[in-house]
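[1] sequence unavailable; structure follows:
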């Protein structure tokens, strides 16, 4: 009995050591950004818009299902442009269609854009490409399926697991004088992730010390997005591709 309790204690301590390591790694990546320059330079913002517009133009020739995501979606919802303090772009896409993205690498290279299945970069600008998968009627990031039970998984599940019907069918939102695919329930997704999105919470701590932030805030507080009815098919089906999904270290719920 004593040996069993000792074994359980060791497992518990090992679990919390692992959790501490995961949280430490996340903080190591995030903390430098908290004190970074609060506003994206105009040239970098222009490069970011160029990246997103190039992505849309190239993907128009494919059947890839993608949408604006995270901070980029929030910027579109707030005022139709990248948030001045958002240092990168975000696009979500269906993981099972990763091959459609990989096939366009030469087209991106012609425009000076470096592309992987997880990022696109041009000069000082970058866009995170997040593969998503459907699981039990919900959209889940493939990255999150690799998390072990614990703090990080609980937080990611709370922020980034939402009904598939919030995304499918896609709608379009005005962004950078153009229209980009977006979830059909933009506000629901943003509120689930960020809480009270009427009160902006800048990522960089220095932003709070800048008078420009408070000037921008009044612009953002009065904007509401121009979201159009879906132009994509009424429904879309996730492409089941176990071999490709294996590259992300996950299964799609059908091939276990």
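    In hand now; what should we look at? None of the values given here were measured: they were computed from a predicted structure. Numbers count the residues shown, from 1 in each chain.
[2] contacting residues around stretch 56-63?
    For stretch 56-63, the surrounding residues in contact (C-beta atoms under 8 Å, 6 or more residues apart in numbering) are 66, 97, 100, 101, 103, 104, 107, 108, 111, 178, 180. C-beta: built from backbone N, CA, C; applies to glycine.
[3] output the residues you listed as JSON lines; include the columns pLDDT.
    Below are the contacts of stretch 56-63 laid out as JSON lines (pLDDT from 0 to 100):
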{"residue": "66", "pLDDT": "95"}
{"residue": "97", "pLDDT": "87"}
{"residue": "100", "pLDDT": "90"}
{"residue": "101", "pLDDT": "92"}
{"residue": "103", "pLDDT": "93"}
{"residue": "104", "pLDDT": "95"}
{"residue": "107", "pLDDT": "96"}
{"residue": "108", "pLDDT": "97"}
{"residue": "111", "pLDDT": "96"}
{"residue": "178", "pLDDT": "93"}
{"residue": "180", "pLDDT": "95"}
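[4] residue ranges with poor pLDDT in the stretch 1-150 of the chain?
    Within the stretch 1-150 of the chain, the ranges that satisfy pLDDT under 70 run 1-38, 145-150.
[5] gap between the closest residue to residue 107 other than its chain neighbours and residue 114?
    Spatially, and ignoring its direct neighbours in sequence, residue 107 is nearest to residue 58 (4.9 Å; C-beta to C-beta, 6 or more residues apart in numbering). Distance, residue 58 to residue 114, by C-beta to C-beta, to the nearest Å: 14 Å.
[6] shared neighbours, those two?
    Taking C-beta under 8 Å, 6+ apart as the contact rule, residue 58 and residue 114 both touch residue 108.
[7] who has more neighbours out of these two?
    Per other C-beta atoms under 10 Å, whichever of residue 58 and residue 114 has more neighbours is residue 58, with 20 against 12.
[8] work out for me the element that one sits within.
    According to DSSP states H and E, residue 58 maps onto helix 42-59.
[9] just the buried residues of that helix, please?
    44-45, 47-52, 54-56, 58-59 (16 or more other C-beta atoms under 10 Å).
[10] ok, stretch 133-143 next?
    133, 134, 135, 138, 139, 140, 141, 142, 143.
[11] tell me the pLDDT at residue 155?
    pLDDT, residue 155: 71.
[12] one more: the one 3 residues further on?
    Per-residue confidence (pLDDT) for residue 158: 76.
[13] residue contacts, it?
    By C-beta under 8 Å, 6+ apart, residue 158 lies in contact with nothing.
[14] I'd say residue 134 and residue 165 touch.
    No - if you go by C-beta atoms under 8 Å, residue 134 and residue 165 don't touch, sitting 10.8 Å apart.
[15] what are the ranges of the helices in the stretch 1-150 of the chain?
    2-34, 42-59, 70-79, 98-102, 105-110, 142-145 (DSSP state H, counting those that start in this stretch).
[16] which secondary structure elements does the shortest one contact?
    Counting contacts by 3 or more C-beta pairs under 8 Å, 6 or more residues apart in numbering; DSSP states H and E, the secondary-structure elements packed against helix 142-145 are strand 125-135, helix 151-160.
[17] could you check the angle the shortest one makes with helix 70-79?
    By that I understand helix 151-160. Here the directions of helix 151-160 and helix 70-79 differ by 30 degrees (axes from the mean of the first three to the mean of the last three C-alpha atoms, to 10 degrees).
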